[in-house]
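Visitor: Below: sequence and its predicted model.
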Amino acid sequence: MNIFILIAPKGTNEMGAHTRSSIVGGRGPLVGRFPAPRGRSTTIAVIADPHVSPDAEGTWKLYHRTEARVMTAIADINRLAVDAAVFVGDLTRDGHCREFDRLDELLDQCAVPVLAVPGNHDVPKEYDDHQTPPLLEFISQYTPGSLPFVERVGSVDIVGINTAWMPDGSLDETHSGAISRAQLDWLERTLPETETPIIAMHHTAAPGSDHAYRANDVEYRLSNADELTAVLEKHDVGLCFAGHVHWPSVAPLGGGYEVVAPSTCSFPQAYLLVHVEPRGTTIELVPLADNPELAEAYRAARADPRGSRLTDSTDAGYFQRFPLVDAAPDRWAVP
């Protein structure tokens with residue numbers, strides 16, 4: 001089975017090569033075109049759930065491939081000279097110090113600025129049988145110096161928030177997420193001072209039933225998602241990025257959209273390129289694996305209940321439905 005053909009959108013040839021009518025710049029399937037944000041030409045790479053491990057093997061996350069997938073993404077990002085790379089959590093398999101050490105070695109090869117927010121696998125958990133670096137070390141290494149944070153990148157403001165850790169320890173025993181009252185208050189103060197905010201977080205906020213073509217399990221959504229959604233709608237935030245579910249999808253959120261980035265480690269092994277332009281924003285999915293590697297990931301996902309829902313969606317034609325959102329298509333019409 002040619003997996004590239006499975007995930008190729010309409011408008012591909014028999015070898016799975018994408019035509020320019022279905023992608024941005026001749027690279028990968030077009031996830032969507034969005035009315036906001038708009039601004040001076042800026043390109044951002046969004047990477048989700050790499051789960052880097054220097055010694056683990058197997059599972060539907062293909063731990064033995066995690067380093068190679070991140071290396072491929074970094075090489076691609078460097079070649080494209082994007083304005084920044086934004087990681088939306090679960091940078092490591094389980095927060096081992098050696099996993100962060102290996103991740104840092106990989107990120108040292110990245111020639112563009114790197115920003116990150118933590119995922120549930122990056123923060124200390126009560127059930128861990130190992131030591132995980134405290135959140136302050138994550139902040140020092142992967143943020144501009146604070147979390148939450150806002151960082152200007154090109155014509156947009158990257159607003160990073162933490163959904164994986166709570167000061168009261170309420171998330172220490174679960175992979176579910178929440179946003180603290182202190183961060184909600186910070187957003188209320190900070191968003192009015194930004195010009196073109198883009199939210200980066202790990203857990204999703206939109207209801208699973210709203211996500212394109214497949215319903216996320218309830219456990220994946222922020223426990224207090226409605227509070228965050230109200231703040232985003234009040235301040236007219238057009239675009240949010242999340243990870244956690246390992247699957248590219250889009251849902252309406254607070255007057256804008258939530259875009260979930262695929263995992264780099266598990267099927268379909270890809271990242272997102274976000275192109276902000278004066279007429280709006282386009283997002284494309286960039287594959288990180290060749291056909292044999294993608295087939296390996298497909299088989300591993302199909303054999304696991306957590307991954308089989310992804311392959312079932314693929315078999316049902318999910319990628320043939322791209323773009324998932326095509327807002328104001330007249331803006332991109334060719335004269």
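Guide: Cool, got the structure.
Visitor: give me the low-pLDDT residue ranges for the stretch 1-150 of the chain?
Guide: 1-27 (pLDDT under 70).
Visitor: Okay, helices next: where are they in it?
Guide: 3-7, 66-80, 97-107, 135-142 (DSSP state H, counting those that start in this stretch).
Visitor: Dump these to TSV, plus mean neighbour count and distance to Arg221.
Guide: In short, each C-beta sits where N, CA and C put it, glycine included. TSV is the format used below for the helices of the stretch 1-150 of the chain (neighbours: other C-beta atoms under 10 Å; distance: least, C-beta to C-beta, whole Å):
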stretch	mean neighbour count	distance to Arg221
helix 3-7	20	26
helix 66-80	19	26
helix 97-107	17	26
helix 135-142	16	22
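Visitor: so which of these gets nearest Gly307?
Guide: When the helices of the stretch 1-150 of the chain are compared by C-beta to C-beta, helix 3-7 sits nearest Gly307, at 13.8 Å.
Visitor: I'd like the helices of the stretch 1-150 of the chain laid out as CSV, including distance to Phe241.
Guide: CSV is the format used below for these (distance: least, C-beta to C-beta, whole Å):
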stretch, distance to Phe241
helix 3-7, 20
helix 66-80, 15
helix 97-107, 18
helix 135-142, 15
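Visitor: Would you agree Gly32 is in contact with Val259?
Guide: Yes: with contact defined as C-beta atoms under 8 Å, Gly32 reaches Val259; the gap is 7.3 Å.
Visitor: just to revisit the earlier point, and of the helices of the stretch 1-150 of the chain, who's closest to Glu173?
Guide: Of all the helices of the stretch 1-150 of the chain, helix 135-142 comes closest under C-beta to C-beta, at 16.3 Å.
Visitor: Would you mind pulling the contact partners of the closest one?
Guide: 87, 91, 100, 104, 114-116, 118, 122-124, 145-147, 162, 165 (C-beta atoms under 8 Å, 6 or more residues apart in numbering).
Visitor: tell me which of these is nearest to Gln320?
Guide: Phe87 (28.9 Å).
Visitor: for the closest residue to the closest one other than its chain neighbours, what are its contacts?
Guide: Once flanking residues are discounted, Phe87 sits nearest to Ala116: 3.8 Å by C-beta to C-beta, 6 or more residues apart in numbering. Residues counted as contacts of Ala116 (C-beta under 8 Å, 6+ apart) are 86-89, 91, 138, 142-143, 160.
Visitor: what do you get if the cut-off is 7 Å, keeping everything else the same?
Guide: Going by C-beta atoms under 7 Å, 6 or more residues apart in numbering, Ala116 touches 87, 91, 142-143.
Visitor: now swap in Val114 and tell me
Guide: With contacts defined as C-beta under 7 Å, 6+ apart, Val114 is in contact with 85, 107, 142.
Visitor: quick one: the second one and Glu126, what's the gap?
Guide: It stands for Leu107. 28 Å (C-beta to C-beta, to the nearest Å).
Visitor: ok, now Tyr220?
Guide: 21 Å.
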